[in-house]
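Trainee: coords below, sequence missing:
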């Protein structure tokens, strides 16, 4: 199973296995944004990793001068709000970030502001 957050409207999609077609493709189930915030839909999914080792991640940095988004690869799993290491595709530097959701992170210093 995997969670996919829609950045435009806040909805969450759950990709789950289809028991009637075990060889593929999975089913996408919509969990509306209102239910996520209320803890009704997300209660059972809070502790699952949003980012897995090897996942492609966009890491964000927001400053007064510029907003940047860099491509990276996760080096360890992470749940939403937890720190983890990733390797930037540009330059190969290993940095620390905080998971925002599947495929999204912010540099660790940014998360504390």
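Mentor: Thanks, I have it. Everything numeric here is computed off the predicted structure, so don't read it as measured data.

Trainee: Ramachandran angles for residue 17?
Mentor: Phi and psi for residue 17, reported as degrees, to the nearest 10, are phi -70, psi 140.

Trainee: Show the pLDDT at it.
Mentor: Looking at residue 17, its pLDDT reads 83.

Trainee: repeat for residue 107
Mentor: Reported pLDDT for residue 107: 91.

Trainee: Residue 71 too?
Mentor: Looking at residue 71, its pLDDT is 96.

Trainee: Count the neighbours of it for me.
Mentor: When counting by other CB atoms under 10 Å, one arrives at 12 neighbours for residue 71. All C-beta spots, glycine's among them, are computed from the backbone N, C-alpha and C.

Trainee: Excluding chain neighbours, what is closest to it?
Mentor: residue 89 (4.3 Å; CB to CB, 6 or more residues apart in numbering).

Trainee: what ranges of this protein fall below the confidence cut-off?
Mentor: Across the chain, residues meeting the criterion (pLDDT under 70) sit at 1, 6-10, 32-47, 110-113.

Trainee: what residue is smack in the middle of it?
Mentor: residue 102 (1.8 Å; CA atoms, centre = their mean).

Trainee: residue contacts, it?
Mentor: In this structure, residue 102 makes contact with 2, 3, 4, 5, 50, 51, 55, judged by CB atoms under 8 Å, 6 or more residues apart in numbering.

Trainee: give me that answer again for 7 Å
Mentor: 2, 3, 4, 5, 50, 51 (CB atoms under 7 Å, 6 or more residues apart in numbering).

Trainee: Could you report the neighbour count for the nearest residue to it once chain neighbours are set aside?
Mentor: Excluding its sequence neighbours, the residue lying closest to residue 102 (CB to CB, 6+ apart) is residue 50, at 5.0 Å. Close neighbours of residue 50, defined as other CB under 10 Å, add up to 25.

Trainee: The one 4 residues further on too?
Mentor: Applying other CB under 10 Å, we find 10 residues neighbouring residue 54.

Trainee: Can you report phi and psi for it?
Mentor: Given degrees, to the nearest 10, the pair of backbone angles that residue 54 has is phi 90, psi -10.

Trainee: Go ahead and confirm it touches residue 74.
Mentor: Yes: using CB atoms under 7 Å, residue 54 is in contact with residue 74, at 6.5 Å.
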